[in-house]
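1. coordinates only, sequence not included:
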């Protein structure tokens, strides 16, 4: 596999179609129109950041982050809400660089931790190994409920 040079930058509105494709790759089918609405909402929030990795003038990966306050003690943490690298650009250091961007923002904001969730599905096993290699530890079990009144959404 030929390693390609890449850069990391803040995502822009022009990246929306590529972001939609990446979120779909992550397992959440998304149209560019849907992503445009999400991106506009997220970009307006002070405590959110979206970064993209650019390789060969292509959006090769993205990470979505939010800054949150702990309830259980003082301080803030960064949550990785989304991380995905296009299959054609994996194993080139892009995911690691995007996670380093999260760590850089955590340091900048005096966050004391970085949290992320990753589904307990077979297709996420490589992601789990990746996070473990970066020093992340499995710490909790997540639960989700979509109440009946939300089922139509």
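-> In hand now; what should we look at? What you are looking at is a predicted structure, and each value in this text was computed from that prediction instead of being measured. Numbers count the residues shown, from 1 in each chain.
2. what's opposite the closest residue to residue 103 other than its chain neighbours in the beta bridge?
-> Of all residues not flanking residue 103 in the chain, residue 114 sits nearest, at 6.5 Å (Cβ to Cβ, 6 or more residues apart in numbering). C-beta here means a position set from N, CA and C on the backbone, and glycine is covered the same way. Residue 114 forms beta bridges with residue 78, as assigned by DSSP bridges.
3. and residue 114, how many neighbours does it have?
-> 18 (other Cβ atoms under 10 Å).
4. could you work out the end-to-end span of stretch 40-53 for me?
-> Stretch 40-53 has an end-to-end distance of 19 Å (criterion: Cα to Cα, to the nearest Å).
5. for it, buried residues please.
-> 42, 49-53 (16 or more other Cβ atoms under 10 Å).
6. tally of neighbours for residue 5?
-> Counted with other Cβ under 10 Å, the neighbours of residue 5 add up to 8.
7. just checking, what packs against the helix ranked longest in the chain?
-> Using DSSP state H, we find that the single longest helix of the chain is helix 94-108. Using 3 or more Cβ pairs under 8 Å, 6 or more residues apart in numbering; DSSP states H and E, the elements in contact with helix 94-108 are strand 6-10, strand 48-55, strand 58-69, strand 76-85, strand 114-116.
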